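Undergrad: Sequence plus the predicted model coming up.
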Amino acid sequence: MNAILDFLFVSLGFKIIGVAIATVIIEILNMIILIYYCKNIIKLKFDKYIAKEQFKLIKYNVYERLFKRGSNFILNVIVSRIGSVQYAAHLIVMQFIDLINNFLHGTGIGTQTIIATAIGSEDNKKIEISTKMVDKLNKKIVYITTFIIGILLIVSLPYFLVEKESLIIGYKLLTFVLIDCCLTGFYHYYVSLFQILL
């Protein structure tokens, strides 16, 4: 939806401001939908003891997210100072990277669930079979997803980046996006295994 709104606002002549507006609209919609579906399901209560125990389990994930978000923020600031054309190309390409990141993060959670369930059964054969199955599946997911994202970028970039200069920049970034897709897939996989071992 973010990518579609980016294209729409740019087509209407809003340029870089339209891209920013699209991102804000999508974030607000995400929050409204989340609150709507959770209002009758989740009741919030803060418990200091549970919070401490929870943080012990997720602290590495928290540190990783803070580092990643922080580095993305710095990168966005640097690119925005280069020029609006470069920033437009960077922003559109980052939408695809965010898409792949979210998808592969989900596969990482799936990895945790499958292997943790096998470990909980204390069946060594089941653990071995589950680990091999997840390992093969992860490799296929990473390569197939990277290929699909590559094709999507090649086909869709001319529609999202109307200026010739920004389009050339977008295509130059394509190689780095595909490398990032592969690395991200394996990253989420091994981080999932690492968190289970902890």
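TA: Yep, that arrived. Residues are numbered from 1 along each chain as shown.
Undergrad: remind me which residues of this structure are low pLDDT?
TA: Filtered on pLDDT under 70, the chain yields the residue ranges 195-198.
Undergrad: domain parsing for it?
TA: 1-44, 83-197 (automatic domain parsing).
Undergrad: which of these sits most buried?
TA: domain 83-197 (a mean of 16; mean count of other Cβ atoms under 10 Å). (Each C-beta comes from the backbone N, C-alpha and C, glycine too.)
Undergrad: so how far is that domain from its chain's centroid?
TA: Chain-centre distance of domain 83-197: 7 Å, with Cα atoms, centre = their mean, to the nearest Å.
Undergrad: Run a quick neighbour tally on residue 77.
TA: The local packing of residue 77 (other Cβ atoms under 10 Å) involves 9 other residues.
Undergrad: host element of it?
TA: Assessed by DSSP states H and E, residue 77 sits inside helix 48-82.
Undergrad: Mind listing what's buried along that helix?
TA: Neighbour-count burial for helix 48-82, counted by 16 or more other Cβ atoms under 10 Å, picks out residue 79.
Undergrad: so what secondary structure elements neighbour it?
TA: Applying 3 or more Cβ pairs under 8 Å, 6 or more residues apart in numbering; DSSP states H and E, we find helix 48-82 packed against helix 84-120, helix 164-197.
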